[in-house]
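[1] Show me how the following folds:
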Amino acid sequence: MHILAYHLQLIPLKVLRYILDHQDDIIQAACLDSGKTRVDAVLGEIFVTVEKLKWTINHGEKALRPESRPTNFLMFYKKNEVRWEPLGVVAACVSWKYASPSLPIVAPTDVSPSYPFHNLLGPVISALFTGNAIIVKNSEQTAWSSAFYTSIARGALTACGYSPDLVHSLTCWPQTADHLTSHPRISHITFIGSKPVAHLVAASAAKALTPVCVELGGKDAAVVLDAPDGRETSQGEMNRVVSIIMRGVFQSAGQNCIGIERVVAMPRAYTRIVEMLTPRIKALRVGSALAEDNIDVGAMISDASFSKLESLVADAVKQGATLVCGGSRYQHPKYPQGHYFQPTLLTEVTKEMQIAQEELFAPVCIVLRAESVNDAIAIANSTIYGLGSNVFGPTSSAAAMANLYRVTNEMKAGMVAVNDFAVTYATQLPFGGVKGSGYGRFAGEEGLRGLCNTKAVCVDRWPGWISTSIPGGLDYPMKKGAAEIGKGVVEVGYGESIGRRIGGVRKMIGV
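    Numbering: from 1, shown residues only. I've put the predicted structure just below:
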């Protein structure tokens, strides 16, 4: 292993060991600052962060290794490669809720800081491994835990003999943050937040022509297909699907950009899913994971979206949806200061309803009926978002598999999980979306390379023996007929036949 690669791997290894040794401290801080349950902290904070670290340790150096590229006939004596080099100082604005004094809150579409540990450490891991320094603008709502989490990375740098000042986190108000996002010494910005705030960040970064990777909200669908031959899916398989849907909807109280926001089910699956979801959602226990062990859904980071959520539910019911349970804020008798929203199930929702179009970012499960595979695809693609998506269906026949792959191919999204939920992120595939969900990718090879200057290098294959020489007729000052010689060069290099290439040679020598 190259000595530089060894040092690059040493830092994430130190962080990995610290996290594994101090899981309880990290979980406690996440629960205190965001209200989530301990299980949500384990899965949404610890698990995905150590996966990113382990992937970076095992595969990061290969992703950044110079890559050989092909040459062509005319340039046979050249050797080409692409290199990925550090940009310098990069920035990350993670889970940014507030936009500006004139745009204080755009709820509920603004992304709350529901993953204070992972969303902060993720950009730090990638920045350090690519040789950059990083400034993280964390959410004002998780300033306390962000300071603790930043100290983990700074401690690893110190332990490895590097300056801890390669990593800084800051908490500030929006009017101050513009100084960061428009600063000419910032070489790249990763933004995780809402669409309205993304416009402001992108406009600010444009002052210095700073590239921005934008990860915005989602309205992810879980499409559940019927078997094309009319067979019923087994009870065991339906239980598995419903369990995954429950985790996808209610993890972190629904505050998950790739959480399941819509369940789109074909007729036979629809009836069974509603029957199975109803008792499970009604049985969910809401409360503080710091005070009780048997809690399923924790508090939300803020109650700013509650009035809008209640309005969306009421409007959907007015248009024909059925409110099975929940639908409003919950005043917890033990924790009256907590921001709790009732776990909610809304059925008979249609894609025209506002609740099926806006990101809810809440513990709300909405179920839509699809009459066919075509209809399911149309519903899944009917929003402005295109972040993640999920499709469930039988695999027992060629026709069933064809339906699964067709939905996978035709859903307009940056990520698709087949018969699963969000596993693309758990395997460090590139993360990002299309349409109103943003642009650019982080995680995986694309994420590391996005934080680098992609440099193309072309050198002589046999230096000192063969190198570029300008043909006499094309040398300055050029002679009469130089254009014909140039055409000959083109035909020699790119002629589609031997005859064309011979004709090119004749033009080059003036025959």
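
[2] quick one: contacts for residue 323?
    Residues counted as contacts of residue 323 (CB atoms under 8 Å, 6 or more residues apart in numbering) are 313, 316, 317, 344, 345, 346. Backbone N, C-alpha and C define where each C-beta goes, glycine included.

[3] what's the answer for residue 473, then?
    479, 481, 482, 485, 508, 510 are the contacts of residue 473 under CB under 8 Å, 6+ apart.

[4] Ok, residue 220 next?
    248, 258, 259, 260, 261, 262, 385, 387, 388, 389, 390, 413.

[5] returning to what we had before: out of the contacts of residue 323, which sit inside strands?
    Counting by DSSP state E, the contacts of residue 323 place 344, 345, 346 in strands.

[6] Tell me, how many residues neighbour the first one?
    A count of neighbours around residue 344, defined by other CB atoms under 10 Å, yields 25.

[7] Likewise for residue 389?
    31.

[8] for the spatially closest residue to it that is not a sequence neighbour, helix, strand, or coil?
    Counting by CB to CB, 6 or more residues apart in numbering, residue 389 lies nearest to residue 413, which is 4.1 Å off, once chain neighbours are set aside. Recorded secondary structure, residue 413: coil (DSSP: H, G, I helix; E, B strand; the rest coil).

[9] my guess is residue 413 meets residue 388, correct?
    Yes: judged on CB atoms under 8 Å, residue 413 makes contact with residue 388 at a distance of 6.0 Å.

[10] low-scoring pLDDT stretches of this protein, where are they?
    The model of the chain has pLDDT under 70 over residues 1-8, 96-113, 511.

[11] Walk me through the domains of it.
    Listed domain ranges for the chain are 3-217+442-455, 221-412, 473-509 (source: automatic domain parsing).

[12] the helices in the stretch 201-350 of the chain, which residues?
    235-250, 267-282, 306-318 (DSSP state H, counting those that start in this stretch).

[13] Out of those helices, which gets nearest to residue 92?
    Distance to residue 92, taken as CB to CB, is lowest for helix 235-250 among those, at 25.5 Å.

[14] Next, the residues that contact that closest one from outside, please.
    Where contact means CB under 8 Å, 6+ apart, the residues beyond helix 235-250 that reach it are 220, 222, 224, 233, 256, 259-261, 263, 269, 272-273, 276-277, 280-281, 284, 296-297, 343, 363-365, 390, 392, 394, 420-422.

[15] Compute the inter-axis angle for that helix and helix 267-282.
    60 degrees (axes from the mean of the first three to the mean of the last three CA atoms, to 10 degrees).

[16] Can you give me the buried ones in helix 235-250?
    Within helix 235-250, the residues that count as buried by 16 or more other CB atoms under 10 Å are 238, 241, 242, 244, 245, 246, 247, 248, 249, 250.

[17] Which stretches in the stretch 351-500 of the chain count as helices?
    Using DSSP H, counting those that start in this stretch, helices in the stretch 351-500 of the chain cover 373-380, 398-410, 423-426, 444-450, 482-494, 498-509.

[18] where does the residue lying closest to residue 19 once chain neighbours are set aside land in three-state SS?
    Closest residue in space to residue 19, ignoring its immediate chain neighbours: residue 50 at 5.8 Å, by CB to CB, 6+ apart. The three-state assignment at residue 50 reads helix, by three-state DSSP.
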